[in-house]
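Trainee: for reference, the sequence and a predicted model appear below.
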Amino acid sequence: MLKRLIFDWSGTLADDAPLTHRLTNEALRHFGGEEISFEQYRREFRTPVERFYGPRLPGVSTEAIDRFFFGRYAEEARRVCLFPEAGFLCRFASIDGLRLSILTTLEPQLIEPPLRRAGLLERFERIEGSAGDKRRSLPRLLRDLGAEPDECCMIGDQPNDLEAARAAGAIAAAALYGYAPREALLAERPDAAFESVRAAFLWLQERLAIERVKRPIATVGGAIFNERGEVLLIRTRKWNDLYGTPGGKIEYGETWREAFRRETFEETGLEIDSIEWVGLEEGIESPEFREPKHFLFLNLRAQCRGGRIRLNHEACEWRWARPREALDSLPLNAPTRALLGKLVEP
């Protein structure tokens, strides 16, 4: 269940791209570099900032650049505004019981005034600033908060934000309306992607409704075989570190085959074909699952067509095993044990 949102600041909550572009050019001029266009800035700016400034200002330390840039940002902070509906999103999430944090490369005192003006500062339990490389900062932040990573969602507009979410085991959500080109963000295979703040709100609203309303949930899952006759098994936190098969909820308007292809790709990066029906199982408030849920499991089998395994936030480990080997030696959740039991030769 989703319990925390961690926001990037610039380009995610704050609509400050024109300002940061101007200040970046001031920094480049100040240290002897060449200015860049806004289009070039959106296309090429990256965090950690060493990736961006290193080739343009060789020999200039990141610390010196940060001192200049942050000093100018502080002088211009009164000009910083939030994206339309960002305040509504934060209030809705907070009122609905989610805990909010910000993880930013800026110093906290630079973003507190805009949040205070918007009446949002008290909504955030933590503002973590000076996060140069979020791939290190986000896992540390979640440990400090005592948070379960897969119950947290990192929303950001830079590839590094999504890389950080992967490193921490959190949900990775891309703000396509921010700084980085959408192609660069989508190439990171985010778990969710938003064209606007409003789209983020609608996603959150739907997710919370699905998670909190007590009703049977139709899901797909299945045994994905490789050319050696082995099945892909993934170990997930939500099933208390037991092994299971890729799968998830069927979305409105999807066939079960479409849902299985989508869930498999989202969770593993693999393409599948030859999808076949195996059977139906039911799980009502299984003690193996992290939360009390009522699932209808549509059990399937398929063949791996190709791709490189890349787990999303839901899984922490994967392996291939023959069905009999898995049944005899691996800690499997009950739905997977029932599925593999139907597939082994008598």
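Mentor: Received the coordinates, thanks.
Trainee: who's in contact with Phe297?
Mentor: Listed by CB atoms under 8 Å, 6 or more residues apart in numbering, the contact partners of Phe297 are Thr219, Gly221, Gly247, Leu280, Glu281, Glu282, Gly283, Pro335, Leu339. To be clear about C-beta, it is placed using only N, CA and C from the backbone, and glycine gets the same treatment.
Trainee: want to throw these into TSV with neighbour count and distance to Glu227?
Mentor: Formatted as TSV, the contacts of Phe297 follow (neighbours: other CB atoms under 10 Å; distance: CB to CB, whole Å):
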residue	neighbour count	distance to Glu227
Thr219	22	27
Gly221	25	21
Gly247	24	21
Leu280	10	28
Glu281	19	27
Glu282	11	33
Gly283	19	31
Pro335	24	25
Leu339	26	20
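Trainee: quick check: the two most widely separated of those residues?
Mentor: Using CB to CB, the contacts of Phe297 reach their maximum pairwise distance at Gly247 and Glu282, which is 14.7 Å.
Trainee: how is the protein divided into domains?
Mentor: What automatic domain parsing lists as the domains of the chain is 1-213, 216-343.
Trainee: before we move on, the earlier item: reformat the contacts of Phe297 as a markdown table; add secondary structure and distance to Leu176.
Mentor: Output for these, formatted as a markdown table (DSSP: H, G, I helix; E, B strand; the rest coil; distance: CB to CB, whole Å):
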| residue | secondary structure | distance to Leu176 |
| --- | --- | --- |
| Thr219 | strand | 28 |
| Gly221 | strand | 29 |
| Gly247 | strand | 27 |
| Leu280 | strand | 37 |
| Glu281 | strand | 37 |
| Glu282 | strand | 38 |
| Gly283 | strand | 36 |
| Pro335 | helix | 35 |
| Leu339 | helix | 37 |
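Trainee: which of these sits closest to Ser329?
Mentor: Taking CB to CB as the measure, Ser329 lies nearest Leu339 of these, at 16.6 Å.
Trainee: my guess is that closest one contacts Val220. True?
Mentor: No: assessed by CB atoms under 8 Å, Leu339 is found out of contact with Val220, at 11.5 Å.
Trainee: tell me who's in contact with the closest residue to Leu242 other than its chain neighbours.
Mentor: Among residues not flanking Leu242 along the chain, Asn333 sits closest, at 4.2 Å (CB to CB, 6 or more residues apart in numbering). Applying CB under 8 Å, 6+ apart to Asn333 gives the contacts Trp239, Leu242, Tyr243, Gly244, Ser286, Glu288, Phe289.
Trainee: quick one on the thing from earlier: and the domains of the chain as a markdown table, adding mean pLDDT?
Mentor: Converted to a markdown table, the domains of the chain look like this (pLDDT from 0 to 100):
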| stretch | mean pLDDT |
| --- | --- |
| domain 1-213 | 93 |
| domain 216-343 | 93 |
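Trainee: hang on, the earlier thing: of the contacts of Asn333, buried ones?
Mentor: Among the contacts of Asn333, those classed as buried by neighbour count (16 or more other CB atoms under 10 Å) are Trp239, Leu242, Tyr243, Gly244, Ser286, Glu288, Phe289.
Trainee: my reading is that the fifth one lies in a strand. Confirm?
Mentor: No: note on Ser286: no strand contains this position according to DSSP: H, G, I helix; E, B strand; the rest coil, which reports coil.
Trainee: thought it was touching Ala338?
Mentor: No: Ser286 lies out of contact with Ala338 (CB under 8 Å); the separation is 11.6 Å.
Trainee: on that earlier part again, pick out the most distant pair among the contacts of Asn333.
Mentor: Taking CB to CB as the measure, these span a maximum distance of 14.7 Å, between Tyr243 and Ser286.
Trainee: what is the nearest of the contacts of Phe297 to Arg67?
Mentor: Nearest member of the contacts of Phe297 to Arg67, counting by CB to CB, is Gly247, at 50.3 Å.
Trainee: hang on, that closest one packs against Trp256?
Mentor: No: the pair Gly247 / Trp256 is not scored as a contact, 10.2 Å apart, by CB under 8 Å.
Trainee: give the residues shared as contacts by these two.
Mentor: Common contact partners of Gly247 and Trp256 (CB under 8 Å, 6+ apart): Val220.
Trainee: returning to what we had before: so which of the contacts of Phe297 is the closest to Ala86?
Mentor: Here the nearest of the contacts of Phe297 to Ala86, counting by CB to CB, is Thr219; it sits at 33.0 Å.
Trainee: for the closest one, give its distance to Ile102.
Mentor: Thr219 sits 34 Å away from Ile102, going by CB to CB, to the nearest Å.
Trainee: repeat for Glu258
Mentor: Noted for Glu258: a distance of 36 Å to Ile102, by CB to CB.
Trainee: neighbour count: those two, which is higher?
Mentor: Shown here are Glu258 and Ile102; by other CB atoms under 10 Å, Ile102 has more neighbours (25 against 14).
Trainee: residues in contact with the more buried one?
Mentor: Ile102 makes contacts with Ile6, Phe7, Asp8, Trp9, Leu13, Ile111, Phe124, Arg126, Ile127, Glu128, as judged by CB under 8 Å, 6+ apart.
Trainee: so which strand or helix has it?
Mentor: For Ile102, the host element (DSSP states H and E) is strand 99-103.
Trainee: one more: Leu2?
Mentor: Applying DSSP H and E, one finds Leu2 in no helix or strand.
Trainee: and the residue nearest to the spatial centre of the chain, how far from Trp320?
Mentor: Closest residue to the average C-alpha location of the chain: Ala172 at 0.9 Å, with CA atoms, centre = their mean. Distance of Ala172 to Trp320, given as CB to CB: 25 Å.
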